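*Asks:* this one's structure only:
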């Protein structure tokens, strides 16, 4: 059982690694590669806007009918379409493929989180361990492998674009607009906006499409369909009333005040990721160094993020979630304050890599611990919980990308600080509430008859783990 669960976690992790080698690299380049009229960041807004819509109804329906494995497979095909759209970038191609990607985004991530949670609980029951610890460990393994996609995707783009003969020197007078002093109306006259040759862009898109297809093949061939029987029974036995119930599952979870209070924390995940990929890459890296450096800088982020994800996944069982969330908040707050005052210059090359490295440490906490927190708090409604997670995280992306072309960078940094503070306040409330008022299911332990069967024990162990900080 343990070897099989480990194998499945690795298959899911490497499938996402290959898929997001393509999408992650494209996302980092959008604000610079398709900068005209803000087409790149607007396409990203459409992506996450469509994810919000799909989060409202698609994940529970797809997962219950198809199972996690085939939901992941179908959703991956939606992601590959975005690479095709970037082969011939234009408003029609980018917006259409962005919408297709977004529709598959929420089912993909909800199915992945559900799969890891089911596997973690199964393994915890088998080993008589706390479900929370095994789930944290599995999410740590996943993000260790998955976050390295930023390394490989950006390495591809950097190595390919370095073959470009159009790389230009950035005039010294243009550097004064880089950093927080830069507003978008100045960007068209500052920084290195020389685009790479089209044949190099086509080669990069071909590589991205290839690794996306490889990801689909890996999932289809090697991933066990652990909830396939449940999906088959659902299709066979459930009628229209259950369909409507499944359709509304995402919204019903909003009756849980814990889900409502977690919204700012979940949205902050979208804000902080969009800032690094959309704002830092354009207003600091591309402006002062050139677009060919974007990949190398993001490689640093991906490498640190990957390693930190695994470390925090293991460390959480010793430190608890609260200490890790506090660490991430301090790192992000310190970085944002420093970015407000830093004026990037090519002579400060190492500094360009310091901020992504720090961001990678913090993001590892936001990703591993927030996902694990959802899996722990809402273990009885996993599909709806992770659909809510993707919906509110995507709303953070949409808002951040939407105002990207309208306000100055300094204002965006102040907004990031405000959302971070609100997120931590609401997160502390959730943890305090869980500590003082354990979930109602725990009361079942008190009401269990004196006759205790061996069959009842795993459930009791898992319930206790759900409220352990």
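*Replies:* Structure received. These numbers come from a predicted model, not from an experiment. Residues are numbered from 1 along each chain as shown.

*Asks:* alpha carbons only for contacts and neighbour counts from here, please
*Replies:* Noted.

*Asks:* pull the contacting residues for residue 59.
*Replies:* Taking Cα atoms under 8 Å, 6 or more residues apart in numbering, we find residue 59 in contact with 106, 107, 108, 110, 111, 383, 384, 387.

*Asks:* ok, the residues you listed vs residue 302, which is closest?
*Replies:* Nearest to residue 302, judged by Cα to Cα, of the contacts of residue 59 is residue 108 at 20.7 Å.

*Asks:* excluding chain neighbours, what is closest to the closest one?
*Replies:* Take residue 108 and drop its neighbours on the chain: the residue closest to it by Cα to Cα, 6 or more residues apart in numbering is residue 72, 4.9 Å away.

*Asks:* still on that earlier bit, determine which two of the contacts of residue 59 are furthest apart.
*Replies:* Within those, 108 and 384 form the most distant pair, 13.1 Å apart (Cα to Cα).

*Asks:* for stretch 270-288, the averaged confidence score.
*Replies:* Mean per-residue pLDDT for stretch 270-288: 87.

*Asks:* give the buried residues for it.
*Replies:* For stretch 270-288, the neighbour count (16 or more other Cα atoms under 10 Å) marks 270-288 as buried.

*Asks:* among these, name the ones in strands.
*Replies:* Of the buried residues of stretch 270-288, none are assigned to strands by DSSP state E.

*Asks:* which residue lies nearest the spatial centre of this structure?
*Replies:* residue 367 (6.6 Å; Cα atoms, centre = their mean).

*Asks:* residues contacting that one?
*Replies:* The neighbourhood of residue 367, defined by Cα under 8 Å, 6+ apart, consists of 143, 269, 309.

*Asks:* which of the residues you listed lies closest to residue 325?
*Replies:* For the contacts of residue 367, the closest approach to residue 325 (Cα to Cα) belongs to residue 269, at 12.0 Å.

*Asks:* so what's that closest one up against?
*Replies:* By Cα under 8 Å, 6+ apart, residue 269 lies in contact with 363, 366, 367, 393, 396.

*Asks:* mind doing that once more with 6 Å?
*Replies:* By Cα atoms under 6 Å, 6 or more residues apart in numbering, the contact list for residue 269 reads residue 393.

*Asks:* try residue 111
*Replies:* residue 68 are the contacts of residue 111 under Cα under 6 Å, 6+ apart.

*Asks:* host element of it?
*Replies:* Residue 111 is part of helix 91-127 when elements are defined by DSSP states H and E.

*Asks:* just residue 170 next, same as before
*Replies:* Short version, using DSSP H and E: residue 170 is in no helix or strand.

*Asks:* distance of it from residue 177?
*Replies:* Separation of residue 170 from residue 177 (Cα to Cα, to the nearest Å): 12 Å.

*Asks:* more neighbours, those two?
*Replies:* Neighbour count, other Cα atoms under 10 Å: between residue 170 and residue 177, residue 177 has more, with 22 against 18.

*Asks:* what sits closest to residue 214 if chain neighbours are left out?
*Replies:* Looking at residue 214 with Cα to Cα, 6+ apart, the closest residue is residue 18, at 7.0 Å.

*Asks:* verify the contact between the one you found and residue 211 for me.
*Replies:* Yes - using Cα atoms under 6 Å, residue 18 is in contact with residue 211, at 5.4 Å.

*Asks:* those two - which one has more neighbours?
*Replies:* Taking other Cα under 10 Å, residue 18 and residue 211 do not tie; residue 18 has more neighbours (26 against 20).
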